[in-house]
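Chemist: this one's sequence-less:
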């Protein structure tokens with residue numbers, strides 16, 4: 001018994017699932033739903049594309065920042081190179097001042113200052129040159145990445161435009177296919193479309209209205225003919241009565257009495 005109940009519920013579940021799936025498929029094939037789904041997909045793609053643009057814009061801003069940093073480093077490097085060259089030039093002047101006497105040159109405090117400055121400028125210069133080289137490498141990679149992303153964004157924008165066109169084509173194709181299916185189903189007697197039935201009902205109502213009007217016109221003509229026939233019947237009966245009265249002399253007597261009455265009415269009393 002439990003197995004039978006289980007089979008029953010499974011069958012009901014399968015039936016409900018089938019109906020829901022069928023209804024879902026029918027709903028998804030509705031042109032309005034298709035258009036709305038395309039709009040949703042297009043909007044989602046546009047949102048992601050804008051996020052992508054924002055990310056690439058941040059990369060471009062980073063690129064500009066690195067370029068500015070590289071320009072600053074280049075200026076600092078040039079300055080350090082000049083300072084280092086200046087320290088070396090001053091030390092060389094001391095050498096000339098002491099005629100190449102190494103001990104005298106090294107004993108001069110300015111020599112120590114020039115030597116310390118030269119070392120400091122050299123170490124700082126090396127650091128900044130290293131940093132500049134790193135930034136240049138980063139910039140090369142960044143520029144290549146930004147260029148690739150720009151190309152990809154252009155492709156996505158073209159795809160978005162194609163989707164907008166595809167939306168109208170898809171809706172038109174669905175409408176056309178739906179009309180063709182309805183026509184084919186009508187020809188095979190499988191159509192459940194109420195449109196054709198409503199058209200048939202409207203046409204039948206039109207034919208019925210025309211028939212009612214025609215009957216009314218015919219009935220109106222028959223009433224007129226019936227009235228005319230009745231009048232003709234009365235006229236014929238009246239003529240027959242007059243003819244009968246004339247045959248029996250009733251008409252002449254009545255005429256004489258009428259004439260005498262008329263004469264009596266004309267003779268005044270004495």
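Modeler: Received, thanks. None of these values were measured; they are calculated from a predicted model. Numbers count the residues shown, from 1 in each chain.

Chemist: can you pull out the strands in the stretch 1-150 of the chain?
Modeler: Under the criterion DSSP state E, counting those that start in this stretch, the stretch 1-150 of the chain carries no strands.

Chemist: again, but for the stretch 151-270 of the chain
Modeler: Taking DSSP E, counting those that start in this stretch as the criterion, the stretch 151-270 of the chain carries no strands.

Chemist: quick one: average pLDDT of the longest helix along the chain?
Modeler: Criterion DSSP state H: the longest helix present in the chain is helix 109-188. Throughout helix 109-188, pLDDT has a mean value of 86.

Chemist: got it, and stretch 46-58?
Modeler: Confidence for stretch 46-58, expressed as mean pLDDT, is 92.

Chemist: ok, stretch 69-77 next?
Modeler: Along stretch 69-77, the predicted local confidence has a mean pLDDT of 94.

Chemist: could you say what helices and strands the longest helix of the chain packs with?
Modeler: Here helix 109-188 is seen to pack against helix 31-97, helix 194-247 when contacts are counted using 3 or more Cβ pairs under 8 Å, 6 or more residues apart in numbering; DSSP states H and E. Placement of C-beta: from N, CA and C, glycine included.

Chemist: which ones are touching the closest residue to residue 84 other than its chain neighbours?
Modeler: Beyond its immediate neighbours in the sequence, the residue positioned closest to residue 84 (Cβ to Cβ, 6 or more residues apart in numbering) is residue 121, lying 3.9 Å away. If you count contacts by Cβ atoms under 8 Å, 6 or more residues apart in numbering, residue 121 has them with 80, 83-84, 87.

Chemist: including pLDDT, distance to residue 58 and neighbour count, could those residues go into CSV?
Modeler: Formatted as CSV, the entries for the contacts of residue 121 read as follows, by pLDDT from 0 to 100; distance: Cβ to Cβ, whole Å; neighbours: other Cβ atoms under 10 Å:
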residue, pLDDT, distance to residue 58, neighbour count
80, 93, 32, 20
83, 93, 37, 17
84, 91, 38, 18
87, 90, 42, 20
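
Chemist: which one among those gets closest to residue 98?
Modeler: Each of the contacts of residue 121 was checked against residue 98 using Cβ to Cβ; the closest is residue 87, at 17.2 Å.

Chemist: what sits against that closest one?
Modeler: Each residue near residue 87 by Cβ under 8 Å, 6+ apart is listed here: 114-115, 117-118, 121.

Chemist: whichever of those end up buried, select them in PyMOL.
Modeler: Those of these that count as buried under 16 or more other Cβ atoms under 10 Å are selected in PyMOL with:
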select buried, resi 114+117+118+121
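
Chemist: mind listing what residue 131 touches?
Modeler: The neighbours of residue 131, taking Cβ under 8 Å, 6+ apart as the test, are residue 73.

Chemist: ditto for residue 139
Modeler: By Cβ under 8 Å, 6+ apart, the contact set of residue 139 is 63, 66-67, 70.

Chemist: can you tell me which of the residues you listed are buried?
Modeler: Among the contacts of residue 139, those scoring as buried are 63, 66, 70 (criterion: 16+ other Cβ under 10 Å).

Chemist: can you add distance to residue 91 and give those residues back as a markdown table?
Modeler: Converted to a markdown table, the buried ones among the contacts of residue 139 look like this (distance: Cβ to Cβ, whole Å):
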| residue | distance to residue 91 |
| --- | --- |
| 63 | 42 |
| 66 | 36 |
| 70 | 31 |
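
Chemist: which one of these is nearest residue 207?
Modeler: Of all those, residue 207 sits closest to residue 63, with 78.8 Å by Cβ to Cβ.

Chemist: pLDDT value on that closest one, please?
Modeler: Residue 63 carries a pLDDT value of 90.

Chemist: got a list of what the closest residue to it other than its chain neighbours touches?
Modeler: In this structure, residue 63 finds its nearest non-sequential neighbour in residue 142, 5.0 Å apart by Cβ to Cβ, 6+ apart. Residues counted as contacts of residue 142 (Cβ under 8 Å, 6+ apart) are 59, 62-63, 66.

Chemist: 10 Å instead, please
Modeler: Applying Cβ atoms under 10 Å, 6 or more residues apart in numbering to residue 142 gives the contacts 59-60, 62-63, 66-67, 135.

Chemist: kindly report the same for residue 161.
Modeler: Residue 161 makes contacts with residue 42, as judged by Cβ under 10 Å, 6+ apart.
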